[in-house]
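Asks: Below are the sequence and a predicted model for it; my questions follow.
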Amino acid sequence: MDGPPVKILVVGAGGVGGYFGGRLLQAGRDVTFLVRDGRPRPLDITSPHGDYTLSPMPSITADRIDAAYDLIVVTPKAQDLAAAIDGFAPAVGPRTAILPLLNGMRHLDALDARFGAERVLGGCCHISSVRTAGGAIAHLNPIHRLIFGERDCPRSPRVDAIEAALSGARFESRPSVDILRDMWEKWILITAAAGITCLMRASIADIVAAGAAEYAERMLEECAAIARSVGFAPSVEHLAYCRGLLTTPGLNFTTSMLRDIEAGAPIEAEHVVGDLLARRATPAPFLEIAYAHLRCYAIRAAGPSSRA
């Protein structure tokens, strides 16, 4: 991909894919959503940065893909990644760039194995958004940031092309010269936040009001220690930001994993919390308790057959 991407395929039209893909459409980009069925559906975004509606949403099913795309933005939940890979595989050509926005790091192994590491960039996003029961994309706070970059070099022509394609859309985007570190720093934050909010079944405001903020800080430090042990020590500034987010009185902040639990939906416990714990060099007792709690939920939600 030498010039600005002409054709963009967004895999997943939920809170993440629907929002960023919708904003790119609003900016006039050539965007198509990969969907499971071909029935027409609207794209409806509500956001502090302005609403956007388009009907019908431009979409395609896997069986109708007949040409390669320049950029594929991958946004499903981790538990849906294998099916998503099979679905968008026909859209991958020799010059296709794949930009995953999943949490954690494990998805990189799956994408590398299927398509080759040379096609897969690093990426992460910072956004709180959900698909409502009515099908709209609700952006819950002003943050909407997308970061991307090469995993093995600071810059490349295709990163420049992606930067050009994303610029001008109504969200923040930037290339990174150290995308793996950016991904690790986000992983630390979301694991600590998911761990404490799911363990307590409460928002940060409630946790702080209950006098339990120190447990959030301890969980954060365990996550940071794991990152340090594998060479991705978080910056002092990032840890300060994380502590502020996890200990601010009155902050009505929850996590998507807690919202999934409250909805009785599948969760990304293995991909986010379990995979981080698997990399630990020293005990992480608070994180281990949170992970056990999440596994108990997942087993119970899956039914008796999962206990064998």
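Replies: In hand now; what should we look at? Numbers count the residues shown, from 1 in each chain.
Asks: thought residue 93 was touching residue 65?
Replies: No: Residue 93 is beyond contact range of residue 65, at 10.7 Å (criterion: Cβ atoms under 8 Å). Where you see a C-beta, it was placed from the backbone N, CA and C, and this is true even at glycine.
Asks: Which one's more surrounded, those two?
Replies: More crowded of residue 93 and residue 65, by other Cβ atoms under 10 Å: residue 65, with 18 against 12.
Asks: The more buried one and residue 100: what is the separation?
Replies: 18 Å (Cβ to Cβ, to the nearest Å).
Asks: Where is the longest helix in this protein?
Replies: helix 179-200 (DSSP state H).
Asks: what is the rounded mean pLDDT of that one?
Replies: Averaged across helix 179-200, the pLDDT comes to 97.
Asks: I'd like the next helix or strand past that helix.
Replies: Per DSSP states H and E, the first helix or strand lying C-terminal to helix 179-200 is helix 204-209.
Asks: chain center to that following helix, what's the gap?
Replies: Centre-to-centre, helix 204-209 and its host chain are 24 Å apart (Cα atoms, centre = their mean, to the nearest Å).
Asks: what mean pLDDT does that helix have?
Replies: 97.
Asks: Report the inter-axis angle for the very next helix or strand once past that helix versus helix 179-200.
Replies: On the C-terminal side of helix 204-209, the closest following helix or strand by DSSP H and E is helix 213-229. Taking axes from the mean of the first three to the mean of the last three Cα atoms, to 10 degrees, one finds helix 213-229 and helix 179-200 inclined to each other by 150 degrees.
Asks: Please identify the buried residues of helix 213-229?
Replies: The neighbour-count check on helix 213-229 (16 or more other Cβ atoms under 10 Å) flags 213, 215-227 as buried.
Asks: Same check on stretch 171-178?
Replies: 171, 173, 175-176.
Asks: Same check on stretch 25-45?
Replies: Applying 16+ other Cβ under 10 Å to stretch 25-45 flags 25-26, 29-35, 43-45 as buried.
Asks: Among the residues you listed, list the two that are farthest apart in space.
Replies: Greatest spatial distance in the buried residues of stretch 25-45: 30 and 44, 20.5 Å, computed using Cβ to Cβ.
Asks: what residue ranges in the stretch 201-308 of the chain score low on pLDDT?
Replies: 305-308 (pLDDT under 70).
Asks: if we go to 80?
Replies: The stretch 201-308 of the chain contains residues with pLDDT under 80 at 304-308.
Asks: all helices for it, in order.
Replies: For the stretch 201-308 of the chain, applying DSSP state H, counting those that start in this stretch gives helices covering 204-209, 213-229, 236-247, 256-262, 269, 275-278, 285-302.
Asks: circling back to that earlier point, render the CA-only coordinates of the longest helix of the chain in CSV, please.
Replies: Taking C-alpha atoms only, helix 179-200 is exported to CSV below (Å, rounded to 0.1, in the frame of the first residue of the first chain):
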residue,chain,number,x,y,z
ILE,A,179,3.2,1.0,19.0
LEU,A,180,3.9,-2.1,21.1
ARG,A,181,4.7,0.1,24.1
ASP,A,182,1.4,2.0,23.5
MET,A,183,-0.5,-1.3,23.3
TRP,A,184,1.1,-2.5,26.5
GLU,A,185,0.3,0.7,28.3
LYS,A,186,-3.3,0.4,27.3
TRP,A,187,-3.3,-3.3,28.3
ILE,A,188,-2.1,-2.4,31.8
LEU,A,189,-4.9,0.2,32.2
ILE,A,190,-7.7,-1.9,30.9
THR,A,191,-6.6,-5.0,32.9
ALA,A,192,-6.4,-3.1,36.2
ALA,A,193,-9.7,-1.3,35.5
ALA,A,194,-11.6,-4.4,34.4
GLY,A,195,-10.1,-6.4,37.2
ILE,A,196,-11.2,-4.0,40.0
THR,A,197,-14.6,-3.0,38.5
CYS,A,198,-15.6,-6.6,37.8
LEU,A,199,-14.3,-7.9,41.1
MET,A,200,-16.2,-5.2,43.0
